[in-house]
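Peer 1: A structural model of the following input is requested.
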Amino acid sequence: MEKYALLIINMINEYVNGNKKCDNPKEIIGPIKETSSLFRENGFPVIYISDFESKNDCGEKIIDDLAPHEGDFIIKKRKYSGFYETELHEILIKNEIKNLVFSGLQTSLCVRHTAADAYYRDYKCIMLTNACCDVKKDLHLKSILYIRDYYGAKAVSTMNFPRLYLS
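Peer 2: Below is the predicted model of the structure:
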């Protein structure tokens, strides 16, 4: 069976509950929570990637509904990409992961730039269409199509992911 890692990007208080909100970010919490449970049950890594630019420690905290579990990885990024000057690539190599599953905020920025860097490193990318969002729904959809068309990512819902990739 192929090995996968779930990337949960920028699901922090500042972006979900604060002033820098996306369009309905709370709608993706359930799908991310279910998918992260599925990954843990299958022994696949769950990796949280988030900004740490905020001056408010509470704003940088991962939302309680998606709190990391023991064994999950937490990466603090400095730029849009989760690969830029972080340990993400090394974690993936150590865990022999070549398939990345994307969730979180914002599809047009951090998700897209992380997917680009994954593509340049020959990772296969899968976008969970109902587990990502952006400031506007149309920007989210355009970004999913861009990532699919230019980086070869697959685009599936969390409902179809297990059937397509884990059976």
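
Peer 1: Next, the contact list for Val111, please.
Peer 2: Neighbour list for Val111: Ile9, Phe102, Gly104, Leu105, Met127, Cys132, Ser143, Ile147 [criterion: CB atoms under 8 Å, 6 or more residues apart in numbering]. C-beta coordinates here come from the backbone N, C-alpha and C atoms, glycine included.

Peer 1: whoops, I mixed them up, Ser143
Peer 2: So, once contact is read as CB under 8 Å, 6+ apart, Ser143 ends up touching Thr107, Ser108, Val111, Arg112, Asp134.

Peer 1: so which helix or strand takes in it?
Peer 2: helix 137-151 (DSSP states H and E).

Peer 1: Let's have the contacts of Val111 in a markdown table, adding secondary structure.
Peer 2: Shown next, in a markdown table, are those (DSSP: H, G, I helix; E, B strand; the rest coil):
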| residue | secondary structure |
| --- | --- |
| Ile9 | strand |
| Phe102 | strand |
| Gly104 | strand |
| Leu105 | strand |
| Met127 | strand |
| Cys132 | strand |
| Ser143 | helix |
| Ile147 | helix |
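
Peer 1: Least confident of those residues?
Peer 2: In terms of pLDDT, Leu105 ranks lowest among the contacts of Val111, with 93.
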